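Engineer: 3D model of this:
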Amino acid sequence: MADLKLYGVAASRAFRCLWAAKELGLDYEHVPIGFDGSNRTPEYLQVNPMGKVPAIRDGDLTLWESLAINLYLAKKHGKGLYPSTLEDEARTWQWSFFGATELDKPIGDWGRHTLVLPPEKRDPTIAAQALQDLAPKLATMEQALAGRPYLLGPAFTIADLNLASVMYRMLWGDLSRTPAVKGWLDRCYERPAAKEVRKMREK
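Structural biologist: Predicted structure coming up:
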């Protein structure tokens, strides 16, 4: 049995952790805890007392918060996903936290009110405001990605995976005003591990 247990369904933020595990070629046990009450059982609350997913158990370590999990797994297992310099490590944290603090909410609002909610429950005003809030943040990314294929340079890293996973809904968005961002996002999701986890999420 694998030492690593990964809790959470692909249609949650566990998506990014499953993607990271597959990029790293890890042997892990997937425990598909969802939002059907399985996240509120006494057994799972011992793993994450917040009752949220994802979470992992790796030997004696229990860890939750998806970006923390990904940074940990990438740093532990390497294989080129975790940066080799202090400076690029700091940039990896920067882009990961940028995704969580600057992109997650507007992309979530836009996605809910254009893709997720039933049409009668969608509010176009919220969707439009979300795109307005998102525009300067995408412009910041466009500038950073100009002339380079990935956030830190020529190679895909956990910085790209973390940020691209936050931007999952934008695969259905209009990124024509930020072509470097669109090209980067497409490259990230063309990776075999990303395709595999998308199949888990979109089945």
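
Engineer: longest helix in this structure, by residue count?
Structural biologist: In terms of residue count, the longest helix belonging to the chain (DSSP state H) is helix 124-145.

Engineer: Check which helices and strands that one is in contact with.
Structural biologist: The contact analysis (3 or more C-beta pairs under 8 Å, 6 or more residues apart in numbering; DSSP states H and E) places helix 124-145 against helix 104-111, helix 179-189. Backbone N, C-alpha and C define where each C-beta goes, glycine included.

Engineer: Domains in this structure, by residue range?
Structural biologist: Listed domain ranges for the chain are 4-80, 86-191 (source: automatic domain parsing).

Engineer: among those domains, which is the most enclosed?
Structural biologist: domain 4-80 (a mean of 18; mean count of other C-beta atoms under 10 Å).

Engineer: hmm, back to that, out of the domains of the chain, nearest to Lys203?
Structural biologist: Comparing the domains of the chain against Lys203 with C-beta to C-beta, the closest turns out to be domain 4-80 (8.4 Å).

Engineer: Once you drop chain neighbours, what's closest to the residue positioned nearest the centre of the chain?
Structural biologist: In the chain, the residue lying closest to the centroid (C-alpha atoms, centre = their mean) is Ser165, at 2.8 Å. Here the nearest residue to Ser165 in space, its sequence neighbours aside, is Arg16; by C-beta to C-beta, 6 or more residues apart in numbering that works out to 3.5 Å.

Engineer: Return the residues in contact with the one you found.
Structural biologist: 66-67, 70, 161-162, 165-166 (C-beta atoms under 8 Å, 6 or more residues apart in numbering).

Engineer: Please report how far Gly8 lies from Pro32.
Structural biologist: 7 Å (C-beta to C-beta, to the nearest Å).

Engineer: swap in Val53?
Structural biologist: 9 Å.

Engineer: Please apply the same query to Gln129.
Structural biologist: Gln129 is 34 Å from Pro32, by C-beta to C-beta.

Engineer: isn't Tyr168 right next to Phe15, touching?
Structural biologist: Yes - proximity of Tyr168 to Phe15 meets the contact threshold set by C-beta atoms under 8 Å, at 6.9 Å.
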